[in-house]
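Trainee: structural data only, the sequence is not supplied:
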Ligand SMILES: Nc1ncnc2c1ncn2[C@@H]1O[C@H](COP(=O)(O)OP(=O)(O)OP(=O)(O)O)[C@@H](O)[C@H]1O
Ligand SMILES: O=P(O)(O)OC[C@H]1O[C@H](OP(=O)(O)OP(=O)(O)O)[C@H](O)[C@@H]1O
Ligand SMILES: [Mg+2]
């Protein structure tokens, strides 16, 4: 049985549960139960505060865990990164009161900076030869300059709206972050096999994420031209229609050039173009 540490509530919870759900791993929603077993996969979920996830994984209390890169780097625990998950994207930045003039990182010399990430901040200050005081606070960091607790802050920024509503402006972007899947080093063979199975499923969902399955009717005399604009997996599927002059072409399109390719297909005479999402894709 593999044990995964998941944030019990907060920003990471829903996307982590969605990931497990997409891999067809079913977890009951036993409210207030902190250890829940999946009904169709040898996995149990240990719900924790995100701050505690790196240590619990490093010490093998949980075999794997989902945690923000910011927390993983801050805790500096001996767990390994298995993959980047692409959600909970944010950054750790330095911000100062918006009316104050800023002349570069040396501005922070002699200043007091409030943060929940003292280790990452200390490293940044040392790397840049800045001598500043760090005031550690576990939440509501953005309020600190406004109440005279600090001159500046170092905290998570995503849309920037929390900074704006506290009259702050971002001046240095120090680190980008996203959710990570981390694992205990030296997992045994059986657990490693379960992790590989989970990774295979995640991969199948991820491969399909920005892809669409498209079907269209095409006049036979334009098939070669149509195929030349399609970037399909190997080559498109072509199915004859009852009308002998037409056929149905099926393929997979990425979202990036989707509308450009659809435009070309229409120009080349494709009709009745159907677009459907793909749930999983095994390459
Ligand atoms: N505004 C945001 N946009 C995107 N990602 C964010 C944002 N705020 C936080 N995150 C990411 O989500 C993680 C969890 O954030 P959350 O605010 O739920 O943490 P928390 O309050 O420390 O929760 P806990 O109670 O588990 O300690 C952060 O460590 C960060 O990686
Ligand atoms: O740039 P923004 O989009 O405004 O996001 C940044 C804010 O989001 C997080 O807080 P959250 O909203 O999760 O509340 P919390 O302070 O209770 O964790 C983080 O601590 C910042 O305060
Ligand atoms: Mg936390």
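Mentor: Sure, I can see it. Note that the structure is predicted; figures quoted are calculated from it, not measured. Ligands and ions are numbered 1, 2, ... in the order given.
Trainee: could you list the domains of the protein?
Mentor: Under the assignment named as automatic domain parsing, the residue ranges that make up the domains of the chain are 2-86+178-207, 90-177, 210-277.
Trainee: gap between the two ends of the last one?
Mentor: The reference is to domain 210-277. Across domain 210-277, the straight-line distance between its terminal residues is 9 Å, by C-alpha to C-alpha, to the nearest Å.
Trainee: for residue 184, list the residues it contacts.
Mentor: By C-beta atoms under 8 Å, 6 or more residues apart in numbering, the residues touching residue 184 are 57-60, 62-64, 79. In short, each C-beta sits where N, CA and C put it, glycine included.
Trainee: switch the cut-off to 10 Å
Mentor: With contacts taken as C-beta atoms under 10 Å, 6 or more residues apart in numbering, residue 184 has the following neighbours: 3, 5, 56-65, 77-80, 191.
Trainee: list only buried entries from these.
Mentor: Neighbour counting over the contacts of residue 184 (16 or more other C-beta atoms under 10 Å) leaves 3, 5, 56-58, 61-65, 77, 79, 191 as the buried ones.
Trainee: which outside residues touch the helix or strand containing residue 275?
Mentor: The secondary structure element spanning residue 275 is strand 271-277 (assigned by DSSP states H and E). For strand 271-277, contacts defined as C-beta under 10 Å, 6+ apart pick out 208-209, 211-219, 246, 248-250, 253, 258, 262, 265-266.
Trainee: now with 6 Å, please.
Mentor: The set of residues that contact strand 271-277 without belonging to it, under C-beta atoms under 6 Å, 6 or more residues apart in numbering, is 212-217.
Trainee: can you redo the residues you listed as JSON lines with secondary structure and pLDDT?
Mentor: Below are the contacts of strand 271-277 laid out as JSON lines (DSSP: H, G, I helix; E, B strand; the rest coil; pLDDT from 0 to 100):
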{"residue": "212", "secondary structure": "strand", "pLDDT": "94"}
{"residue": "213", "secondary structure": "strand", "pLDDT": "94"}
{"residue": "214", "secondary structure": "strand", "pLDDT": "94"}
{"residue": "215", "secondary structure": "strand", "pLDDT": "96"}
{"residue": "216", "secondary structure": "strand", "pLDDT": "96"}
{"residue": "217", "secondary structure": "strand", "pLDDT": "97"}
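Trainee: ligand 2: which of the residues you listed is nearest?
Mentor: residue 212 (29.6 Å; C-beta to the nearest ligand atom).
Trainee: thinking the closest one is in contact with residue 252, fair?
Mentor: No: proximity of residue 212 to residue 252 does not meet the contact threshold set by C-beta atoms under 6 Å, at 7.2 Å.
Trainee: in strands, which of the buried ones among the contacts of residue 184 fall?
Mentor: Of the positions in those, 3, 5, 64-65, 79 sit in strands, assigned by DSSP state E.
Trainee: reformat those residues as CSV; add distance to ligand 1 and pLDDT.
Mentor: Shown next, in CSV, are these (distance: C-beta to the nearest ligand atom, whole Å; pLDDT from 0 to 100):
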residue, distance to ligand 1, pLDDT
3, 18, 98
5, 11, 98
64, 17, 98
65, 12, 98
79, 15, 98
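Trainee: would CSV of those residues with distance to residue 281 be doable?
Mentor: Formatted as CSV, the entries for these read as follows, by distance: C-beta to C-beta, whole Å:
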residue, distance to residue 281
3, 29
5, 28
64, 23
65, 26
79, 30
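Trainee: measure the residue lying farthest from the centre of the chain to residue 220 for me?
Mentor: Ranked by distance from the centre of the chain (C-alpha atoms, centre = their mean), the top residue is residue 244, with 47.8 Å. Spatial separation of residue 244 from residue 220 under the definition C-beta to C-beta, to the nearest Å is 8 Å.
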